[in-house]
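Student: sequence and predicted structure are below.
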Amino acid sequence: MKKILGILLGIIIISINIITLSSCNKHKEDNVKTHNSFSENHKETIIKEEMKEEEKKFSNEGMDVSIVQDIIHRRYKNHGEKIAFLTFDDGPSTNITPKVLDVLKENNIKATFFLCGKKIKEQEVSKEIIKRILEEGHSIGNHSYSHDYYKLYPKENTNIDAFMNEVNETNNLIKEAVGSEFKTRLIRMPNGEMTRRHNKDKNIDKLMEKLKEIDMYSVDWNALTGDEEGKKNKSKGELLQYLKKTSKDKDNLVILMHDAGHRKNSLEALPEVIAYLKSEGYEFSSMK
Ligand SMILES: [Zn+2]
C-alpha cells in the first residue's frame, strides 16, 4: 500500500513539475512574443522618427513644391524651422554654373536650378552640366526656352500656346541630356508669376491651369540678392546687403539668384551668402 501511495505521490509530483515547466515555457514564449512585438513596434517608431528627421532636414530629395508655394504666398504655417531654398535662374552657363556647383558641394548644400532651353541648346557641354546638377542631388526646374518677354507675354498677356511650347521644348532638351524618365514639376516664369499678376495679365490663371494639367507648378521667390535688379554688376557686398534686406524677418526663404554666364558677381557672393544664412540658423533644401 505504501508502495502504491509512493508511486502515486511520485506521479503527482512529476505531473506538477511538467505543468509548471510547460507553463513556464509558455510564459517564456509569451515573453519572447511580447518582446518581439515590442522590438517591432520600437523599430517602426524609430523608422518613423528617422523619416520625420529626414523630412525635417529636407533631404536631397527636396521639399514638395506645394509647400514652397505656400511659403512664397505666406500661407505656410511655420513650425519653428528656418529653411532657405537657393535658386539659380537663366543657366546653365559653361563658366558660372560648374563653379556654383563646386561651392554648393563644398558646403554640402542642395539647390534648385531653373534652366533655359536656349542655353542648353547653344552649348553641347551644357548637357554634361545638367547631368552633374542631378548627380549632385540638386533639383532642376524649367525657365522657358527663349526667356523672351515679347514672345511669351506680348502686350502684357501671356501667349499660352507659345509659353507651353517653350515649356515642352525645354523639358525635352533636359530629357535629351539626362534621360527620357526625367520629370520636373517646377516652372519659374521669366520675370516671375507675381509680375504677371501685378501687370494684370489676363491669361495667367489659364496658364496655371495648363501647367497643372502636366503636373507643373509656378515657383516665384520671396528674397533675392538683386543680381538682376537695378544697377548691374553689384559688388558681392551689395548683393549680400540686398539679401539681408529682402529676407529680413522671414523664417523661410526662396532666394532668387542667377548663374548666367555674365553673373560672376553672383558666384563671388555665393560663399558669403551661404555663410550668412548658416549664421542665421537656416537649413538648406532643394524642391521637387
Ligand atoms: Zn530669368
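Tutor: That came through fine.
Student: for the stretch 1-150 of the chain, give me the ranges with low pLDDT.
Tutor: Per-residue confidence for the stretch 1-150 of the chain (pLDDT under 70) gives these ranges: 1-60.
Student: tell me which parts of it are close to the ion?
Tutor: Contact residues (Cβ under 5 Å from the ion) of the stretch 1-150 of the chain with the ion: Asp89, Asp90. Every C-beta, even on glycine, is put in place using the N, C-alpha and C of the backbone.
Student: how about the helices of the stretch 1-150 of the chain, start to end?
Tutor: With DSSP state H, counting those that start in this stretch applied, the stretch 1-150 of the chain shows helices at 2-57, 65-72, 97-106, 117-122, 126-135, 149-152, listed in chain order.
Student: what's the neighbour count on Gln123?
Tutor: Here the count is done by other Cβ atoms under 10 Å, and Gln123 has 14 residues near it.
Student: and if you look at Ser285?
Tutor: 27.
Student: before we move on, what about Arg196?
Tutor: Taking other Cβ under 10 Å as the definition, Arg196 ends up with a neighbour count of 23.
Student: got phi/psi on the closest residue to it other than its chain neighbours?
Tutor: In this structure, Arg196 finds its nearest non-sequential neighbour in Ile204, 4.8 Å apart by Cβ to Cβ, 6 or more residues apart in numbering. Here the main-chain torsion angles of Ile204 (degrees, to the nearest 10) amount to phi -60, psi -40.
Student: can you check Glu166 too?
Tutor: For Glu166, the backbone dihedrals are phi -70, psi -40 (criterion: degrees, to the nearest 10).
Student: which ones are touching the closest residue to Glu61 other than its chain neighbours?
Tutor: Excluding its sequence neighbours, the residue lying closest to Glu61 (Cβ to Cβ, 6+ apart) is Lys288, at 6.1 Å. Lys288 makes contact with Glu61, Gly62, Met63, Asp64, Val65, Ser139, Arg185, Leu186 under the criterion Cβ atoms under 8 Å, 6 or more residues apart in numbering.
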